[in-house]
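S.K.: Turn this into a structure:
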Amino acid sequence: MTRPDGVAVDDWVEDPGRRSWDSAPAAPPRPYQALWVSIAALVLPLGLLATALRVIPPTSEITALLASFIGYGTLAYAVSLLFFLIAVVRARRRILLAVVAAATAALLACHVAWLAPLFVPDSRPAATEPFTLMSLNMLGKAADSQQIMRQAATADVVVLVEATRSSLQALEELGWNQRFPYVAGGPPNGDPGSAIYSRYPLSEETPLPEATFRQRAATVLVPDIGAVRIMAVHPCNPFCGAGTWRAEHDIVRSAAAANMQLPLVVAGDFNAVDDHLQMRRLRRDGLESATAITGAGWLPTYPANRLIPPTIPIDHVLLNSKLTATSISSFTVAGTDHLGLMTAIAGTERSKSGAG
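M.R.: From the prediction side, this is the model:
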């Protein structure tokens, strides 16, 4: 008896490493399958790091800085999931890849849930006419005074942080006080600090406890709303020391809690993003970002005036439940490394009723 190729069966010994003549040909490997899995696996740790920093509050300067980019974990998971799904569709053995893809999708859903409030407008209707608040980190005397003047032409209240005596004098020489005759704060010497300017009467100016930058609060008598408490804040950045960064955020939180009885605006450079524990605590205390209230979405403000666009939102305008925001936008001023924010703020029924 012979095989079809003429070899006698009795004389032929099966080679264990040789495919049987009547077996199906081995399926060729899927082209680029290893590439898709490799890309997904390389990007995934970036998302996992972002999740870890969200769940475990930073305790050092480096981790606090890295936590500023938690929002980009959403992008990392989306990219990783895309390539895992491509690999699952093309794979012959799909169970392990499918499990990993499902876990990646679950983590992506968490990050989307954390970001979603920024894109969904709050159901907080305005009950009064709005006033416009402008806020800006001046980077000492570096910010262009004439551009600040132009931006402030439509503002009613202005919060300036990291301002110096010379930078404020430059504004005054351009006629700043003609539009904003009322002022609270301003650095008494060469050190940078915070200042509140207003078209409306200011009273009850109060410095916040001593910190790296001078911070202060004042009450503005706004038409149609009445007394509105304004806090100009600027806790130091994480590289001042993680302990200093946390302590100065605690100062802001305590001061805000002591002023919640009035319609309250807390504005300035927080050196923290919405994902940082410090900002989440302020939200739990009853302060909400104007960005989230209006559904303005991702609004990064730092670093400005660089080759790359701003990447992280560390400048904020926070409001308690007696106020709402009808719009918020950013603007550029040459010289400073921050974008400014222009926010339209109105009272709610709670402000008109005086409810706590």
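S.K.: could you measure Q278 against V220, distance?
M.R.: Using CB to CB, to the nearest Å, one gets 25 Å for the distance from Q278 to V220. The C-beta positions use only the backbone N, C-alpha and C, and glycine is treated the same way.
S.K.: So for the two, which sits in the more crowded spot?
M.R.: V220 (26 against 21; other CB atoms under 10 Å).
S.K.: I'd say the more buried one and V157 touch.
M.R.: Yes. Counting by CB atoms under 8 Å, V157 is a contact partner of V220 at 5.8 Å.
S.K.: Determine the residues that are contacts of both of these two.
M.R.: Taking CB atoms under 8 Å, 6 or more residues apart in numbering as the contact rule, V220 and V157 both touch 196, 198, 200, 230.
S.K.: Which of these fall within strands?
M.R.: 196, 198, 230 (DSSP state E).
S.K.: Looking at neighbours, which among the residues you listed is most surrounded?
M.R.: Neighbour-wise, those (other CB under 10 Å) top out at I196, 28 neighbours.
S.K.: if you skip the residues just before and after it, what's nearest to that residue?
M.R.: Among residues not flanking I196 along the chain, A184 sits closest, at 4.4 Å (CB to CB, 6 or more residues apart in numbering).
S.K.: Would you enumerate the residues in contact with the one you found?
M.R.: 195-196, 198, 202, 205, 216, 218.
S.K.: With A101 instead?
M.R.: 81, 84-85, 88.
S.K.: ok, now F180?
M.R.: 152, 158, 197-199.
S.K.: and stretch 88-108, which residues are buried?
M.R.: 88, 91, 97, 100-101, 104, 107-108 (16 or more other CB atoms under 10 Å).
S.K.: Can you add distance to S145 and secondary structure and give those residues back as CSV?
M.R.: As requested, the buried residues of stretch 88-108 are exported to CSV (distance: CB to CB, whole Å; DSSP: H, G, I helix; E, B strand; the rest coil):
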residue, distance to S145, secondary structure
V88, 58, helix
A91, 62, coil
L97, 59, helix
V100, 55, helix
A101, 54, helix
T104, 50, helix
L107, 47, helix
L108, 45, helix
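S.K.: In those residues, which has the lowest confidence score?
M.R.: Least confident by pLDDT among these: that is A91, with 80.
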